[in-house]
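S.K.: Compute the structure for the input listed below.
(chains A, B, C and D)
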Protein chains: 2
Amino acid sequence: MGFSETMKAISDPQRRQMLTLLKQERLSAGEIVQHFPSLSAATVSYHLSLLKKASLITESKYKNFIYYELNASVFEEIMLWCAQFTGGTDETQDQAD
Amino acid sequence: MGFSETMKAISDPQRRQMLTLLKQERLSAGEIVQHFPSLSAATVSYHLSLLKKASLITESKYKNFIYYELNASVFEEIMLWCAQFTGGTDETQDQAD
DNA sequence: TATCTATTTAGAATTTTTTCGAAATAGGAG
DNA sequence: CTCCTATTTCGAAAAAATTCTAAATAGATA
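M.R.: This is a model prediction of the structure:
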């Protein structure tokens, strides 16, 4: 939910790779697990839960699968935060952190 | 230097606050310490070293002070990474992670 | 109903990050 | 040269994040 949670979530390379996978298409938890041979299903599930808490992905259930999907809108917020440093935006704007 | 180091560096709220402070003006280590009453000078120094490693700040010495200054250009790279998810940029572009 | 498949949750172990106090470094001032 | 001020580095302790295996959940199928 909060900005800090989002930044923490995207700070991990494996979680960023999960986001990249989901950029192309929505995937079930099992399909995501297959992309990480070095991690157990439980660990991938843990990472997905962090991404979900940060609103970076959403889940929907179908049969006994859980599908994950990217929520692109959160990235706008991060870009806005960055923009305050590049001098590219109105500097009077409210900003998280 | 690497993208991962940068993302790790900005994932911490206290380090983000240091960047925000440096957005306005360059500050000495001691001046930055004063903004964080709950942290020791050693701890602030540790955080500054991470920001420096991530190229988010640069340092310059004057007398026995060390001044820190923001390096805004790194934020462009983060924004570019975010943009691939918002559909706002050329998707054929190479991207870290 | 019994069982199989997909996934998460729980609990514990490991690893990484953060933090501090004390000691080291470095340069300026007397 | 000696002391003082600013800051970092070191080593250890504490806190947080990551990971695993095993057990729990939930829905589908036989």
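S.K.: so what's the backbone phi/psi at residue A:40?
M.R.: phi -80, psi 160 (degrees, to the nearest 10).
S.K.: Report the separation between it and residue A:47.
M.R.: According to CB to CB, to the nearest Å, residue A:40 and residue A:47 sit 11 Å apart. Every residue, glycine included, has its C-beta placed from N, CA and C.
S.K.: Neighbour count: those two, which is higher?
M.R.: Neighbour comparison, residue A:40 and residue A:47: the larger count goes to residue A:47, with 18 against 10 (by other CB atoms under 10 Å in any protein chain shown).
S.K.: OK, contacts around that one?
M.R.: The neighbourhood of residue A:47, defined by CB atoms under 8 Å, 6 or more residues apart in numbering or on different chains, consists of A:12, A:14, A:15, A:18, A:39.
S.K.: So which of the residues you listed are in helices?
M.R.: Among these, the residues falling in helices (DSSP state H) are A:14, A:15, A:18.
S.K.: ChimeraX command for the buried members of those residues?
M.R.: Buried subset of those, written as a ChimeraX selection, criterion 16 or more other CB atoms under 10 Å in any protein chain shown:
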select /A:15,18
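S.K.: For DNA strand D, state which of the ones in helices among the contacts of residue A:47 is nearest.
M.R.: residue A:14 (5.8 Å; CB to the nearest atom of the strand).
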